[in-house]
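J.: build the 3D model from these lines:
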Amino acid sequence: MAASMDGRGDADGRIVPATFLHDLNNLLTAIHGYSTLLAADLPVGGTEQEFAARILAAAEEARQLVARVPRQRTPSALRVLLVGRALARLAGGLETLGLEVTLAGTAREAQGALKASTGDWDVVAGTAEALGALDGCGLPLARVPAGADAVTVDALIRAARA
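T.: Predicted coordinates for the structure are as follows:
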């Protein structure tokens with residue numbers, strides 16, 4: 001049964017259902033968002049703001065770890081390198097729409113990943129600013145406008161690939 005599930009492998013080779021990872025990513029996105037708001041609303045330099053910043057950092061680190069969990073690759077999955085922390089909120093939605101997403105927090109991080117292996121992705125997606133700061137190594141680029149939702153970004157990625 002586990003072999004037929006759409007999922008990702010864990011460190012022991014077991015399958016982690018993709019729905020679990022999607023739900024976990026959604027939870028971490030909420031924690032990340034609320035801690036961002038909390039840190040912005042608290043007095044600068046206070047202990048409370050420091051705690052909110054720690055929550056924010058932990059949520060970001062956890063989201064990056066979830067994004068790195070190995071997954072079973074389906075032959076039809078479009079593989080996307082999503083560049084920019086601002087777009088990380090879209091990863092779960094894009095995976096639900098059938099894309100295989102790898103997150104790169106910054107253009108520098110993305111550039112390092114692209115130099116290491118361009119064959120891991122079919123499209124690079126990011127804001128105009130993020131994409132302007134890197135060399136896509138010949139891959140199609142999908143420019144994502146600020147505030148775009150996952151369905152819009154999915155369409156932009158698929159159009160860039162065509």
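
J.: what's next to the helix or strand hosting E95, contact-wise?
T.: In the assignment (DSSP states H and E), E95 maps to helix 91-96. Applying C-beta atoms under 8 Å, 6 or more residues apart in numbering, the external contacts of helix 91-96 come out as 18, 21-22, 25-26, 29, 63, 67, 80, 82, 101, 103, 149-151, 153-154, 157. From N, CA and C alone the C-beta is placed, and that goes for glycine too.

J.: which ones among the residues you listed are found in strands?
T.: Using DSSP state E, the subset of the contacts of helix 91-96 located in strands is 80, 82, 101, 103.

J.: what about the closest residue to A104 other than its chain neighbours, how many neighbours?
T.: Computed as C-beta to C-beta, 6 or more residues apart in numbering, the closest residue to A104 that is not its neighbour in sequence is A110, at 3.7 Å. The number of residues packed near A110 is 26, by other C-beta atoms under 10 Å.

J.: equivalent analysis for E61, please.
T.: 11.

J.: tell me which strands and helices the longest helix seen in the chain is in contact with?
T.: In the chain, taking DSSP state H as the definition, the longest helix is helix 18-41. Where contact means 3 or more C-beta pairs under 8 Å, 6 or more residues apart in numbering; DSSP states H and E, helix 18-41 is packed against strand 7-9, helix 47-67, helix 91-96.

J.: returning to what we had before: could you dump the ones in strands among the contacts of helix 91-96 to a markdown table with pLDDT, neighbour count and distance to T127?
T.: As requested, the ones in strands among the contacts of helix 91-96 are exported to a markdown table (pLDDT from 0 to 100; neighbours: other C-beta atoms under 10 Å; distance: C-beta to C-beta, whole Å):
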| residue | pLDDT | neighbour count | distance to T127 |
| --- | --- | --- | --- |
| V80 | 90 | 28 | 14 |
| L82 | 90 | 27 | 10 |
| V101 | 88 | 25 | 16 |
| L103 | 86 | 23 | 14 |
